[in-house]
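S.K.: what's the 3D shape of this:
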Amino acid sequence: MSTDRLSLAFSALADPTRRAIVARLALGEATVSELAAPFDMSMPAVSKHLRVLERSGLIEQSQEAQFRPRRLRPEPFRELAGWMEEYRRFWDAKLDDLDAYLKEIQKEDGDER
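M.R.: Numbering: from 1, shown residues only. Take a look at the predicted model:
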């Protein structure tokens, strides 16, 4: 995933309303009305959130009749997960190193007694 697409995706997901919309879409396609139902905001405000998610590539609009439901696009989420996985492995290694260091200190502290 290019840095620009990555930035767009993370920026889109930075908003709690958009994360809630993504969570709802993880259950399946939904119309704008269905997506707007849990929120206390106008339809134009919900539509703005949907446009941000669409520009980021995270969701898409299908062309089914007049309803045009939205759905998640799996590819960008796989790319985000791959990017984050690199850092998860990095931090796992750092935490393993810290754990080993703390065990060493505890052992040395116990040897001194």
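
S.K.: Could you use CA atoms for every contact and neighbour count after this?
M.R.: Noted.

S.K.: which ones are touching the most centrally placed residue in the chain?
M.R.: By Cα atoms, centre = their mean, the chain has its centre lying nearest to residue 13, at 5.6 Å. Contact partners of residue 13, counting by Cα atoms under 8 Å, 6 or more residues apart in numbering, are residue 19.

S.K.: Tell me how far it lies from residue 40.
M.R.: To residue 40, residue 13 is 19 Å away according to Cα to Cα, to the nearest Å.

S.K.: Kindly report the same for residue 61.
M.R.: From residue 61 over to residue 40 the distance is 23 Å, taken as Cα to Cα.

S.K.: Neighbour count for those two, which is higher?
M.R.: More crowded of residue 61 and residue 40, by other Cα atoms under 10 Å: residue 61, with 17 against 9.

S.K.: Pop out the phi and psi values for the closest residue in space to that one that isn't next to it in sequence.
M.R.: The shortest distance from residue 61 to any residue other than its chain neighbours is 4.5 Å, reached at residue 70 (Cα to Cα, 6 or more residues apart in numbering). With angles defined as degrees, to the nearest 10, residue 70 sits at phi -100, psi 150.

S.K.: what about residue 70, how many residues close to it?
M.R.: 22.

S.K.: That one pairs with what?
M.R.: On the basis of DSSP bridges, residue 70 is bridged to residue 30, residue 61.
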